[in-house]
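1. take a look and give me a structure for this.
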Amino acid sequence: MLPIRPNIQELPASLIRAVTLTAKGIEDVIPLWFGEGDDVTPAFIREAAAEALHRGETFYGPNRGIPELRDAIQRYMRRIYGAEIEMDRIVASASAMNALMIAIQCLVGAGDSAVVIGPVWPNAENAIAAMGAEVRKVDLQVQPDGSWRLDLDRLVDACDATTRLIVVNSPSNPTGWMAGEDELRGVLEHARARGIWILADEVYARIVYGRRYAPSFVTLATADDPVVIVNSFSKSWSMTGWRLGWIIAPRELNVAIEKMTEFNISHPTTFAQWGGVAALDRGDDYVDALVRRYAEAAELVYQRLSEVPRVRLSRPRSAFYAFFGVDGVTDSFGYAVELIRRARVGLAPGVAFGAAGEGHLRLCFAASLPKLSQALDRLVPVLRG
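-> Below you'll find the model as predicted:
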């Protein structure tokens, strides 16, 4: 066989998907391993896309997305954040992952380094590695109560003359860590001073408890700051299968992003973008209700798991994951497989999110409350040992 680029061939396969494969043939497994709920996309969003399909919105569109969707993103940012984002800073994307990949293609290459705050969903760092750049992980530090904390000094120390990018995922998948405004401001000040790009993955920005949205670079960065903000329709509007998101970036970078969008996908699916318009313009009540339900689920999971002496877990403040440590577990992949067999509950192994996640498991609590209760009834006795 002819050669494949080594840095592509050597990329690791998903350990979460590997865990799911071990459940084959085991009946009645409750799957809480992926980051999605069990709600179908709301009818008003589906109907908007269906109407667009029926009226013939099936042709090529602009690389940056249809104007109606970009207008809706602009209105949404003004309504939720009080931020005025110029249209030439907005690009629609075929998912947040597509946005991350295109931004990374524009910003790093061989000989560069990128600092990534972990533990973290591995796709962004693997995209960096695919471009031939060096990934430098700066892991959050787990606290005695199970929460996670960023050491900004360690982040700064990890940067050097080769560093072109800092990746910040807040609210975090898997830890639920949510950066405060002071932390984001500190990262921004360092990036400005050193001439380093920030790639902010803010797909869980609305899934927060006790406030309307998570602290964001949207309210801190200027139009010319070296900040790329990525968001998605997947989590807040139950649209994981739609593959639709957006980018906010400086004007000059968006010229490059537009080119790379052409070379990668041309543009997001035209009729799907009309569903995005409906989600942004008419979806506030849906998002609020969804977050209220997730808050109930977060409390249910916290109360049940915190009863287990060997479990270390803090009360979730954002996103929809319980990322909990289990005393005595040194092989989270093997333990996740064991839980499938003994409890018939599917969780993601902590090691899937980097070495700092070892000894932990990620439970997605975006499922319905009855399903979560059933899963916990099975899981807790096994965790107790």
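2. please make it C-alpha for all contacts and neighbour counts, starting now.
-> Will do.
3. and for residue 15, the neighbour number?
-> Using other CA atoms under 10 Å, residue 15 has 17 neighbouring residues.
4. meant to ask about residue 11
-> The burial count assigned to residue 11 is 12, neighbours taken as other CA under 10 Å.
5. and if you look at residue 28?
-> Burial measure for residue 28: 10 neighbouring residues, criterion other CA under 10 Å.
6. ok, and the closest non-adjacent residue to it?
-> Nearest residue to residue 28, sequence neighbours excluded (CA to CA, 6 or more residues apart in numbering): residue 344, at 6.8 Å.
7. ok, that neighbour - contacts?
-> Neighbouring residues of residue 344 by CA atoms under 8 Å, 6 or more residues apart in numbering: 26, 27, 28, 29, 30, 378.
8. generate a PyMOL selection restricted to the buried subset of these.
-> Selecting only the buried entries of the contacts of residue 344 in PyMOL, with 16 or more other CA atoms under 10 Å as the criterion:
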select buried, resi 29+30+378
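9. now pLDDT too, for the contacts of residue 344, in TSV please.
-> Putting those into TSV (pLDDT from 0 to 100) gives the following:
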residue	pLDDT
26	95
27	94
28	95
29	97
30	98
378	98
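10. from the contacts of residue 344, which ones fall inside strands?
-> Counted as lying in strands by DSSP state E, out of these, are residue 30.
11. any chance of the contacts of residue 344 in CSV with distance to residue 186 as columns?
-> Listed next are the contacts of residue 344 as CSV, based on distance: CA to CA, whole Å:
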residue, distance to residue 186
26, 48
27, 49
28, 47
29, 44
30, 41
378, 43
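12. can you show me the strands along the stretch 251-385 of the chain?
-> For the stretch 251-385 of the chain, the strands defined by DSSP state E, counting those that start in this stretch cover 311-312, 321-326, 345-346, 348-349, 360-364.
13. mind checking which of the ones you listed is nearest residue 249?
-> For the strands of the stretch 251-385 of the chain, proximity to residue 249 was assessed by CA to CA; strand 321-326 is nearest, at 28.2 Å.
14. show me what that closest one pairs with in its sheet, parallel or antiparallel.
-> Strand 321-326 pairs in its sheet with strand 311-312 (antiparallel), strand 360-364 (antiparallel), by DSSP bridges.
15. give me whichever of those is most buried.
-> Among the strands paired with strand 321-326, ranked by average contacts under mean count of other CA atoms under 10 Å, first place goes to strand 360-364 (a mean of 28).
16. run through who's touching that one.
-> By CA under 8 Å, 6+ apart, strand 360-364 touches 32-36, 174, 320-326, 329, 332, 336, 347-351.
17. buried stuff in stretch 240-256?
-> 240, 242-251, 253-256.
18. can you tell me what sits against stretch 283-291?
-> In contact with stretch 283-291 (CA under 8 Å, 6+ apart) are residues 206, 207, 208, 209, 236, 237.
19. residues in contact with the residue nearest to residue 223 when sequence neighbours are not counted?
-> Nearest-residue entry for residue 223: residue 250, 5.8 Å, with adjacent residues in sequence omitted and distances by CA to CA, 6+ apart. For residue 250, the set of contacting residues under the criterion of CA under 8 Å, 6+ apart consists of 89, 223, 224, 225, 226, 227, 228.
20. how about residue 110?
-> Under the criterion of CA under 8 Å, 6+ apart, the contact partners of residue 110 comprise 131, 132, 133, 134.
21. what's the angle between the longest helix seen in the chain and strand 360-364?
-> Determined from DSSP state H, the single longest helix within the chain is helix 284-305. Using axes from the mean of the first three to the mean of the last three CA atoms, to 10 degrees, the inter-axis angle of helix 284-305 relative to strand 360-364 is 140 degrees.
22. I figured residue 141 hits residue 150, correct?
-> Yes - contact criterion CA atoms under 8 Å: residue 141 and residue 150 qualify, at 6.4 Å.
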